[in-house]
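Trainee: With the input below, show me the fold.
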Amino acid sequence: MDFEVLQGTTLSNFVFVEYAYMNLKRLRFSEGPSSAGAMFTLNSWPSCQIEWFELGKDYLVHLGFPNYPSHEGCTINLSYDLKCIVKNKNGFEQQMFQRVNSVEELIDKLGILIKDHHKTNLLCSNNEKPSVATNYSKVLAEIDAIGWEKLFSVNHDFTELKLKMYDSLNHQHILNVKFKNNVPEFSAEYPRTVNIEWHEDSSTLSEMYSLFCRDAEQYQDFWKAMEELDAGCWVLEPENPSRRDTYRKISIAPNVSLKIEVDPNHPYVFPSITWLGSETAVSKFREKVLDRIEVWDDDLPINTNLERLLEISLPLKQTLDMGTENYEVTCCICYSERLNGEVPSRTCDNPNCGQSFHIFCLYEWLRSLIQTTRKQGNKVFGECPFCEQPISCNPPAS
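Mentor: Okay, the predicted model is just below:
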């Protein structure tokens with residue numbers, strides 16, 4: 001973020017305030033690298049933001065000029081630190097709004113008040129600490145340490161940052177940083193929660209970014225395994241997989257699908273699997289897995305292992321021309337393929353029926369039929385809406 005330092009310029013020189021409005025994005029007024037001064041930031045016309053710095057301490061005030069160049073209707077917002085100082089100076093708060101005739105005079109009065117505050121060492125109470133996010137200079141210094149080329153985006157008040165990195169496979173990863181109650185919160189599209197502990201007195205964003213980069217390298221095999229799986233079969237869910245998703249629901253045969261849960265730390269070992277379809281349709285595949293589990297090879301892609309295990313070629317959606325309708329299952333209740341991104345995953349066990357349902361649709365259908373439905377625990381038992389044969393359903397995942 002560019003700014004210009006003007007040595008020896010004072011706050012009372014209002015000509016430079018006007019010049020800042022018309023010509024510069026950011027001005028810093030200073031009498032030296034460690035002394036007092038002020039910074040003007042033009043966020044959105046017609047307004048400006050002024051940052052005083054006194055012996056390493058920053059104070060901010062935002063001025064709004066709805067009728068610029070007239071000062072009529074000017075709005076003033078103070079940073080929390082500055083509010084504390086104003087409140088500690090008896091009577092100054094009313095004077096500031098009632099006895100100030102110009103912005104220049106307001107700036108002079110606040111500047112003098114800040115200097116007096118540091119001379120008398122008046123401090124805010126310990127339970128009234130300002131938010132880290134309001135201290136722009138600290139955040140800017142953190143970004144300087146990390147490198148501006150790694151900044152993906154930042155919001156207008158620097159309370160939310162996005163930092164980027166590229167792993168050894170040239171995947172881009174984003175670390176989301178949100179400042180809240182003096183402590184930054186971190187999130188990223190990783191298969192496990194980002195485990196970054198922030199210590200207010202010692203931690204830095206640069207250290208947290210390094211941990212984020214280290215974790216990205218840790219999941220290289222996992223992301224590679226999931227990309228191979230996505231390319232080698234017909235993925236039903238998630239509809240738009242993200243890098244944090246550890247499962248895939250894939251098509252195996254008409255009216256048969258398989259949910260696969262992959263361990264991010266050991267992505268090539270035999271995964272947790274759940275068969276979806278009627279008992280008649282899935283039983284032969286389940287038996288194959290039990291009989292041939294020894295053929296699984298941890299050095300091969302997951303989709304290759306599944307084909308060897310089941311002795312089939314996994315269907316690919318883009319290669320299915322005629323007969324695709326046999327693979328695309330529609331819910332017998334809502335007559336749609338997807339509901340909130342999910343495909344039908346409960347199938348009637350009656351071999352003469354084989355209709356499929358979204359878990360949510362079937363559960364709500366059975367619950368609505370009070371006379372023919374019974375409940376045991378969370379599970380409901382009733383009749384298939386299509387063939388009226390017995391069917392049961394667990395509640396949908398919340």
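Trainee: where does the stretch 151-300 of the chain dip in pLDDT?
Mentor: Along the stretch 151-300 of the chain, segments meeting pLDDT under 70 span 182.
Trainee: Now with 90, please.
Mentor: 154-160, 168-171, 179-185, 192-204, 215, 236-237, 239, 253-257, 274, 276-283 (pLDDT under 90).
Trainee: neighbours of residue 150, just the number please.
Mentor: By other Cβ atoms under 10 Å, the residues close to residue 150 number 15. The way it works is simple: take the backbone N, C-alpha and C, and place the C-beta from them, glycine included.
Trainee: which residues touch it?
Mentor: Each residue near residue 150 by Cβ atoms under 8 Å, 6 or more residues apart in numbering is listed here: 163-165, 209.
Trainee: can you redo those residues as JSON lines with distance to residue 273, secondary structure and neighbour count?
Mentor: Output for the contacts of residue 150, formatted as JSON lines (distance: Cβ to Cβ, whole Å; DSSP: H, G, I helix; E, B strand; the rest coil; neighbours: other Cβ atoms under 10 Å):
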{"residue": "163", "distance to residue 273": "37", "secondary structure": "strand", "neighbour count": "25"}
{"residue": "164", "distance to residue 273": "35", "secondary structure": "strand", "neighbour count": "14"}
{"residue": "165", "distance to residue 273": "33", "secondary structure": "strand", "neighbour count": "19"}
{"residue": "209", "distance to residue 273": "37", "secondary structure": "helix", "neighbour count": "23"}
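Trainee: where do the helices sit along this protein?
Mentor: Along the chain, counting by DSSP state H, helices occupy 14-23, 80-88, 92-98, 103-120, 136-146, 205-218, 220-232, 279-292, 302-310, 359-368.
Trainee: can you list the ones you listed in a markdown table and add distance to residue 184?
Mentor: What follows is those, written out as a markdown table (distance: least, Cβ to Cβ, whole Å):
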| stretch | distance to residue 184 |
| --- | --- |
| helix 14-23 | 31 |
| helix 80-88 | 17 |
| helix 92-98 | 32 |
| helix 103-120 | 27 |
| helix 136-146 | 10 |
| helix 205-218 | 7 |
| helix 220-232 | 26 |
| helix 279-292 | 46 |
| helix 302-310 | 36 |
| helix 359-368 | 37 |
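Trainee: Pull the most distant pair out of the contacts of residue 150.
Mentor: The distance between the two most remote of the contacts of residue 150 (Cβ to Cβ) is 10.0 Å, for 164 and 209.
Trainee: Quickly list what's touching both of these two.
Mentor: Counting by Cβ under 8 Å, 6+ apart, the residues touching both residue 164 and residue 209 are 150, 175.
Trainee: Any figure for the gap between the nearest residue to residue 292 once chain neighbours are set aside and residue 254?
Mentor: Leaving out its chain neighbours, the residue that sits closest to residue 292 by Cβ to Cβ, 6 or more residues apart in numbering is residue 309, at 5.4 Å. From residue 309 across to residue 254, the span is 19 Å (Cβ to Cβ, to the nearest Å).
Trainee: between these two, who's got more neighbours?
Mentor: The residue with more neighbours, out of residue 309 and residue 254, is residue 309; 19 against 15, by other Cβ under 10 Å.
Trainee: any idea how this protein splits into domains?
Mentor: Under the assignment automatic domain parsing, the domains of the chain span 4-129, 133-217, 222-325, 330-393.
Trainee: What is the burial count for residue 366?
Mentor: 24.
Trainee: do the same with residue 223
Mentor: 19.
Trainee: do the same with residue 293
Mentor: 10.
Trainee: Would you confirm that it contacts residue 310?
Mentor: No: when contacts are counted by Cβ atoms under 8 Å, residue 293 is not listed as touching residue 310 (11.3 Å).
Trainee: if I look at the nearest residue to residue 282 once chain neighbours are set aside, how far off is residue 347?
Mentor: For residue 282, ignoring the flanking residues on the chain, the nearest one in space by Cβ to Cβ, 6+ apart is residue 275 at 4.1 Å. From residue 275 across to residue 347, the span is 10 Å (Cβ to Cβ).
Trainee: higher neighbour count, those two?
Mentor: Taking neighbours as other Cβ under 10 Å, residue 275 and residue 347 compare with residue 347 leading, 26 against 16.
Trainee: who are the neighbours in contact with the residue nearest to the more buried one when sequence neighbours are not counted?
Mentor: Spatial nearest neighbour of residue 347, excluding adjacent residues (Cβ to Cβ, 6+ apart): residue 278 at 4.2 Å. Neighbour list for residue 278: 255, 347-351, 354 [criterion: Cβ under 8 Å, 6+ apart].
Trainee: Select only the buried ones of these in PyMOL?
Mentor: Here is the PyMOL command that selects the buried residues among the contacts of residue 278 (16 or more other Cβ atoms under 10 Å):
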select buried, resi 255+347+348+349+350+354
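Trainee: Please report how far the residue nearest to residue 334 when sequence neighbours are not counted lies from residue 340.
Mentor: Take residue 334 and drop its neighbours on the chain: the residue closest to it by Cβ to Cβ, 6+ apart is residue 361, 5.2 Å away. With distances taken as Cβ to Cβ, residue 361 is found 11 Å from residue 340.
Trainee: same deal with residue 141?
Mentor: Counting by Cβ to Cβ, the gap from residue 141 to residue 340 is 44 Å.
Trainee: So for these two, which residue has more residues nearby?
Mentor: Shown here are residue 141 and residue 340; by other Cβ under 10 Å, residue 141 has more neighbours (14 against 8).
Trainee: how near is the more buried one to residue 158?
Mentor: Applying Cβ to Cβ to residue 141 and residue 158 gives a distance of 12 Å.
Trainee: Test my guess that the residue nearest to residue 334 contacts residue 330.
Mentor: No: Residue 361 is beyond contact range of residue 330, at 11.1 Å (criterion: Cβ under 8 Å).
Trainee: These two - which one has more neighbours?
Mentor: More crowded of residue 361 and residue 330, by other Cβ under 10 Å: residue 361, with 22 against 17.
Trainee: Now do the contacts for that one.
Mentor: Applying Cβ under 8 Å, 6+ apart, the residues contacting residue 361 are 331, 333-334, 339.
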